[in-house]
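A.B. asks: Coordinates only, no sequence provided:
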């Protein structure tokens, strides 16, 4: 939590910034305003599973994570690199979950070099193929980047 005091000391106004929102209050008053701060969030998926160890378990927990992603406030894009691009192609068990995220307006962006490496350009069923410059721009615009 961060507490900031107004530069104008006559106002005796404080702003409390938390991870979920901003609350502004006067010294003599209760809370006077409250608004949620939504941080633009990008998730990076580098492989077809989540974590190290069992591949089967990694795929299951990634499926669960993606199924709950829509609850992430501010999620605007998921970037796919290396083996992660395989999740966007025909045969992926995660296509229904990824399609639902895309329908909700979340951009699914695949690394073009990775797509070509795995010969998937004609087999992608969701998402868009982008160059590294585009992916870097997306990361730079984000307030928060989560890498899996």
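C.D. replies: That came through, no problem. Please read these numbers as outputs of a predicted model, since none were measured by experiment.

A.B. asks: residue ranges with poor pLDDT in the chain?
C.D. replies: For the chain, the stretches with pLDDT under 70 are 1-36.

A.B. asks: Who does the residue sitting nearest the centre point of it form a beta bridge with?
C.D. replies: Centroid-nearest residue in the chain, with Cα atoms, centre = their mean: residue 42, separated by 3.1 Å. Beta-bridge partners recorded for residue 42 (DSSP bridges): residue 77, residue 145.

A.B. asks: quick one: contacts of the longest helix along the chain?
C.D. replies: The longest helix of the chain (DSSP state H) is helix 55-68. With Cβ atoms under 8 Å, 6 or more residues apart in numbering as the contact definition, helix 55-68 has outside contacts at 45, 47-52, 78, 87, 93-94, 97-98, 101, 148. (Glycine included, C-beta is placed from N, CA and C.)

A.B. asks: Can you point out the buried residues in that helix?
C.D. replies: Neighbour counts over helix 55-68 (16 or more other Cβ atoms under 10 Å) mark 58, 59, 62, 63, 65, 66 as buried.

A.B. asks: what do you get for stretch 127-137?
C.D. replies: Buried residues in stretch 127-137 (16+ other Cβ under 10 Å): 127, 129, 130, 135.
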